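Asks: Pasting the sequence and the predicted coordinates here, then a few questions.
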Amino acid sequence: MPLKISDEILSSVEKPSRYIGNEWNSVHKNPNEMKIRFAFCFPDVYEVGMSHLGMKILYHLLNERNDTYCERVFAPWVDMESKMREHDIPLFALESHDPINTFDFVGFTLQYEMSYTNIINMLDLAGIPLRSSERTKEHPFVCAGGPCAYNPEPLADVVDFFMLGEGEEIITEIMDIYSEWKAEDSSREEFLNRIVSIEGVYIPQFYEVKYNPDGTVNGVVPKKDHYPDKIKKRIIKDLDQTYFPDKIIVPFTDIVHDRIMLELFRGCTRGCRFCQAGFIYRPVRERSHEKLLELAKKLEESTGYEEISLTSLSTSDYTRLAPLTEGLIKEMEEKRVNLSLPSLRIDSFSLDLMEKAQKVRKSGLTFAPEAGTQRLRDVINKGVTEEDLLNSVSIAFNGGWNGVKLYFMIGLPTETYEDIEGIADLANKVVSAYMGVPKEKRGKGLNVTVSTSSFVPKPFTPFQWEAQDTMNTLRDKQRFLKDKIKSRYITYNWHESEVSFMESVFARGDRKTCDVLIKAWEKGCKFDGWGEHFKFKTWMEAFDECNVDPDFYSNRKRSYDEVLPWDHIDVGVSKKFLIKESEKAHRGELTSNCRVDCSGCGATAFGGGICVE
Amino acid sequence: MLSSLRAKFIRGEEVKYISHLDLMQVCARAIRRAHIPIAYSQGFNPHPQMVFGLPMSVGVTSEAEYAEFDFSSPIEPDDFVERLNKELPAGLQIVEAKAKKSKGNIMALITTASYDILVSSTKKMGINNVNQKLDEFLSKPALIVKKEGKKGVRDVDIKPMIYRLKAEALKEEETGEEQEQCKCSNPVILEYMSKLSAIDTKKLSYEIDNMFCLSMLLSAGAAANLKPDLLVAAINETSDIEIKLVKVHRTGLFVGKEGRIIDPLDPAVL
C-alpha cells in the first residue's frame, strides 16, 4: 500500500481502518489504463456507507467496464478531517488514495436529507467548487442519485446532473456517452447536452424556476425546447435479468450491516400514505426465488459471510417467501450461515421461520403500528388492526419472547390527543397480553419499548401538501405521551423535534434552500444526522442570514393547485392519484394493496412488475 | 478426535490498522471461503475454534504471529497453508503451519517477544554513542516506570523484562569512526524507511535523518508484558537520549521452557 497518508496521521485518529481500503473483493485497477475514473461518494462515515446496498451494486457494475475505475469515498470523521485540512490532504478515494478532484465523475448517493451538508463539506475537502456554475473543464462532473434525488431542488446549484430512479442502466448509458465525449475536445455543456435526452437525467442548470410573489413556485421551465418538460424516473423491469454482483466487499471492521443482503424485491404493495418509499419505488418487482438462491450461494462462497439478511421494504409480502426460506435454510444450515429476517410481519408462520432460521435469543421483536388508534391507522392506510397486533404479541409471548419494540409516529395529519393516548393504551394492552400468558410459557422480564418519531411530510406521498406540526406542538405531544405511560414495563423514547423539522424543510425545499445549505456549512454544520454534531441554532442563523423562512417549507399547508418544487419530476405515480389518496385519508378510507386490487396510481406506465403480472 | 494446527503468519502494512478482534473475524471469513473444516464451539452461539497468540496494538506490524486452529476433520498443514493463503487479504499471510499435539494453548505459552522499532532522535547522534548511552541506561539498578494496568497506574520495575536492547543504524554512518558499526538489516524496516523518504517529509513531526532502529527482546505474555512504547518512555525519562517512536515491528514471539526461549513451531513445544 502506498504511504500516501502518513502513519503519523492514521495512528492519531479514531478507527484508522476506515481510511485504508484494500478489503477483500475491493477492486483495484491501473488508473493509467482507465478512460473514466468515478468516485462513488457516500456522504457519511465508512461504517454507514458500506452498509448501503445500492453502492455495492453500482460499484461492481461500473467496475465491470474495462474503461472505468470506480472507487469509494466516504466522509472522513471530524478527527480525520481536521488532520486532512491541517496537512493539506485533499479528499481521496479509498482504493488508490488518489485525490478525487482529478476524477471524471464525483457521484453522491442521497439517502437522507441530513447528509446534505456533508456533500458540501466533501466537495470542499476535495477542492472542487461547491456550485455547478463555478466548475470548469478541469473539474469532475458532480452527479447524484438515490431516494432524496426525487426532490433534487435543494441541491440544484451544487449538482451538475441527477440520475432519477434505479441506476443500473442509466449509469451505463451515461458512461458510454462520456467515453465518446472525452475522446473529443468539447465543452462541459456539450456533454450535458448529450445526456439531457436520456430518460431519468435531470440537469438543474437547464431549467429556470419562476416564483410567485408569495414565494411559492410558479413553474420550472426548460431553457431550451429540446429539454424535457418532465423528467421520468428509471426502473429495471426484470430484476432477474439485471446485474447483481456475485461478490461484494467484506470490510475489515464492523459496519452497520455486516452481512450479505439479498434484495427480494423493489417497491411495496401496501401504500401506507406517509411512506415515500412506498410510492417512489413502484411498481413492485420481485426476483424469482431460484435466482435469489443462486445469488445467495455465490455470495456466501465469495465473501465467507456468516449471515444473510433478506432485505426489502416488507419481507412478508414476498410471494415466494416459503420456498426461498426453505431453500436457504437447507443450503445454509450445514455452512453455519444464519438467516436474518428484518421487516417480517409477525404471525405464526414467521415465528416458526425465525425459530428455524435464527439461533438468536428470544428477546426483541419489532412492530410498527405507527399510530395509536384505528381511526388514525386508517387515515395513514396502515392496514393493521389492534387485534392483529395483540394476536402477534400473544403468539410471540407464548413462544418465549419477552421484549417488544413498538414504533409510532406523532404529528400525523388529523392527529388528536386521543390518538396519542391510544399509543399508551396500546402499549398497556401489550403488557396485559404478556400477563395473560402462563408463567411457565413466557420469557422472564417483560420489556416493552415505545419509540415515536415525528412525522415528516415527504414529496410524492398523499401527505406532500400537509403542514408538519410545529416543534412546540411535537414537544407537547411527546410530553403528553410521556405522562400517559405509567407502567414500569414500558420505556418511552422519542426523536428530537429539531431534527425532524430540518428534515421537513429539505425534504420539500426548493432552490432557495440551497443557499441556506451552503451558508450553514460555512458556519460549521456537518454530520447533522449525528446528534452530537447537530447545531440547530447555527442552522436557524443560516436561514435568517439567507432570508429564508424554514416554517414556509415545514409548517405550511399547501393547496392542491400549488406548483410543488418537484412537480417536474415524474415517478410514475400521478398527482391525481395522490390527491385522491389525500382526500381518502381525510375521510379515513382505506385503499387496497396492489395485490388485491389496482387502484390506478399511474405506475402501470412503466409496464413492469405487478402491473403486468 | 479433533486435529489441531499451530500456524505462523505475517501481519503486514496493509492490515496493521485492523484491531485484534477484527483480525480474528477476517481470518474466520477467509477460513470459510477456503472451505477449511474448522471446528465450532458448542453452545448457544457457536464460533470457530481458533486462538491467536498475544494481541497486538493497532498500527504494529509483525513477521511472526501465531494462531492455533482446531478442525472437525483432519487437514494437512501444507494444504491448510496453501488454501488459506489464497483467501487472505493482502498483508496477511501464513508462513508455516505444523500439527499440534500438546494441550497448552499459544496464548498462555508465550513469554518473550522481539521487536525492531524505528525511532527518531531529537538531536543527531552517532549509533555508537546511542549504544553507549543505552548501556548506561541498562546498568541502572532498577528502571521504575508508571504502568497503566487494570487496577490503575502503578510503579513497575521493567529492568528484569529487558533481555536485549541495541541500537542499529539505518544507513552507513558518516562519522568515519573505525569501530564496527551496528547496521539494521531487517528488510521490513528498510523498506518502510525507503517509503517514508518518498513522502513529503516536511509534514512529519520528526526528523527523518535522525532515525535509527532499536532491536530488542522483551518479556511478553500473561506473566510479565513490556511493550516497546513503554520502554521508549523509560528511555526518555531516565537516559539522556530523547526519542520519538515512529514504528513498531514484531520480529518474533517465543515460548519459555526450562529457562530457554524456543520458537513456537519447535517440535518440543508443539
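Replies: Nice, I can see it.
Asks: Poorly predicted segments of chain A, please.
Replies: For chain A, applying pLDDT under 70 flags the ranges A:1-3, A:346, A:348, A:358-363.
Asks: How about chain B?
Replies: Checking chain B against pLDDT under 70 turns up B:1-2, B:173-181, B:201.
Asks: Near chain A, which residues of it? Just list them.
Replies: Contact residues, chain B versus chain A (CB under 8 Å from any CB of the partner chain): B:13-15, B:17-19, B:22, B:25-26, B:28-33, B:40, B:44-46, B:58-59, B:87, B:89-91, B:195-196, B:198-199, B:203-205, B:246-247. (C-beta placed from N, C-alpha, C; glycine too.)
Asks: From these, which land in strands?
Replies: If you go by DSSP state E, those have B:246-247 in strands.
Asks: Mind checking which of the residues of chain B next to chain A are buried?
Replies: Applying 16 or more other CB atoms under 10 Å in any protein chain shown to these, the neighbour count classes B:13-15, B:17-19, B:22, B:25-26, B:29-33, B:58, B:87, B:89, B:91, B:196, B:199, B:204, B:246-247 as buried.
Asks: Filter those down to just the ones in helices.
Replies: B:22, B:25-26, B:29-33, B:87, B:196 (DSSP state H).
Asks: Residue A:611 - nearest residue in space that isn't next to it in sequence?
Replies: Closest residue in space to residue A:611, ignoring its immediate chain neighbours: residue A:604 at 4.2 Å, by CB to CB, 6 or more residues apart in numbering or on different chains.
Asks: residue furthest from the geometric center of the chain?
Replies: The chain I'm using is chain A. Largest separation from the mean C-alpha position in chain A: residue A:440, at 42.4 Å (CA atoms, centre = their mean).
Asks: Chain B was what I was after
Replies: Each residue of chain B has a distance to the centre, and by CA atoms, centre = their mean the biggest one is for residue B:44: 34.5 Å.
Asks: and the residue farthest from the centre of chain A, helix, strand or coil?
Replies: coil (DSSP: H, G, I helix; E, B strand; the rest coil).
Asks: Next: residue A:215.
Replies: Taken by three-state DSSP, the conformation at residue A:215 corresponds to coil.
Asks: Nearest spatial neighbour of it, chain-adjacent residues omitted?
Replies: Using CB to CB, 6+ apart, the closest residue to residue A:215 is residue A:552 (6.2 Å).
Asks: mind checking how far the one you found is from chain B?
Replies: Distance from residue A:552 to chain B, counting by CB to the nearest CB, to the nearest Å: 47 Å.
Asks: element containing that residue, please.
Replies: Here residue A:552 sits within helix A:550-554, counting by DSSP states H and E.
Asks: since we're on the closest residue to chain B within the stretch 301-450 of chain A, how many residues are nearby?
Replies: Nearest residue of the stretch 301-450 of chain A to chain B: residue A:304, at 3.4 Å (CB to the nearest CB). For residue A:304, the neighbour count with other CB atoms under 10 Å in any protein chain shown is 23.
Asks: Now it: phi and psi?
Replies: For residue A:304, the backbone dihedrals (degrees, to the nearest 10) come out as phi 80, psi 10.
Asks: Show me what counts as buried in stretch A:308-324.
Replies: Using 16+ other CB under 10 Å as the test for burial, stretch A:308-324 gives A:308-315, A:317-321, A:324.
Asks: got it, and stretch B:42-56?
Replies: Of the residues in stretch B:42-56, B:48-54, B:56 count as buried by neighbour count, 16+ other CB under 10 Å.
Asks: go on, stretch A:490-500?
Replies: Using 16+ other CB under 10 Å as the test for burial, stretch A:490-500 gives A:490, A:492, A:494-500.
Asks: what residues are up against residue A:528?
Replies: A:114-117, A:499, A:502, A:534-535, A:539 (CB atoms under 8 Å, 6 or more residues apart in numbering or on different chains).
Asks: returning to that earlier point: dump the buried residues of stretch B:42-56 into TSV; add secondary structure as well.
Replies: Converted to TSV, the buried residues of stretch B:42-56 look like this (three-state DSSP):
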residue	secondary structure
B:48	strand
B:49	coil
B:50	strand
B:51	strand
B:52	strand
B:53	coil
B:54	coil
B:56	coil
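Asks: burial measure for residue 16, as a count.
Replies: Just going to use chain A. Counted with other CB under 10 Å, residues neighbouring residue A:16 total 21.
Asks: um, chain B though
Replies: If we define neighbours as other CB under 10 Å, then residue B:16 has 26 of them.
Asks: do residue A:86 as well
Replies: By the criterion of other CB under 10 Å, residue A:86 has 10 neighbours.
Asks: Residue A:548 against residue A:515, yeah?
Replies: Yes: if you go by CB atoms under 8 Å, residue A:548 and residue A:515 touch, sitting 7.2 Å apart.
Asks: Can you pull the residues that touch both of the two?
Replies: By CB under 8 Å, 6+ apart, no residue touches both residue A:548 and residue A:515.
Asks: So if I had to pick from these two, which one is more boxed in?
Replies: Taking neighbours as other CB under 10 Å, residue A:548 and residue A:515 compare with residue A:548 leading, 20 against 17.
Asks: ok now do the more buried one, which residues does it touch?
Replies: Going by CB under 8 Å, 6+ apart, residue A:548 touches A:512-513, A:515-516.
Asks: any idea how far it is from residue A:554?
Replies: Residue A:548 sits 12 Å away from residue A:554, going by CB to CB, to the nearest Å.
Asks: just checking, which of the contacts of residue A:528 belong to helices?
Replies: Secondary-structure check on these using DSSP H: residues within helices are A:116-117, A:499, A:502, A:539.
Asks: Adding distance to chain B, write those out as CSV.
Replies: Listed next are these as CSV, based on distance: CB to the nearest CB, whole Å:
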residue, distance to chain B
A:116, 30
A:117, 28
A:499, 31
A:502, 35
A:539, 35
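Asks: Nearest spatial neighbour of the residue nearest the centre of chain B, chain-adjacent residues omitted?
Replies: Nearest residue to the geometric centre of chain B (CA atoms, centre = their mean): residue B:250, 2.3 Å. Closest residue to residue B:250 apart from its sequence neighbours, by CB to CB, 6+ apart: residue B:62 at 3.8 Å.
Asks: ok, now residue A:373?
Replies: Nearest residue to residue A:373, sequence neighbours excluded (CB to CB, 6+ apart): residue A:422, at 3.9 Å.
Asks: Does the one you found touch residue A:370 like I think?
Replies: No: applying CB under 8 Å as the test, residue A:422 and residue A:370 come out as separate, 11.3 Å apart.
Asks: What segments of chain B are strands?
Replies: B:3-11, B:50-52, B:61-71, B:92-100, B:110-121, B:144-149, B:152-157, B:162-168, B:211-219, B:243-257, B:260-262.
Asks: Output these as JSON lines; include the columns distance to residue A:156.
Replies: Shown next, in JSON lines, are those (distance: least, CB to CB, whole Å):
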{"stretch": "strand B:3-11", "distance to residue A:156": "48"}
{"stretch": "strand B:50-52", "distance to residue A:156": "53"}
{"stretch": "strand B:61-71", "distance to residue A:156": "48"}
{"stretch": "strand B:92-100", "distance to residue A:156": "46"}
{"stretch": "strand B:110-121", "distance to residue A:156": "51"}
{"stretch": "strand B:144-149", "distance to residue A:156": "54"}
{"stretch": "strand B:152-157", "distance to residue A:156": "57"}
{"stretch": "strand B:162-168", "distance to residue A:156": "61"}
{"stretch": "strand B:211-219", "distance to residue A:156": "53"}
{"stretch": "strand B:243-257", "distance to residue A:156": "48"}
{"stretch": "strand B:260-262", "distance to residue A:156": "69"}
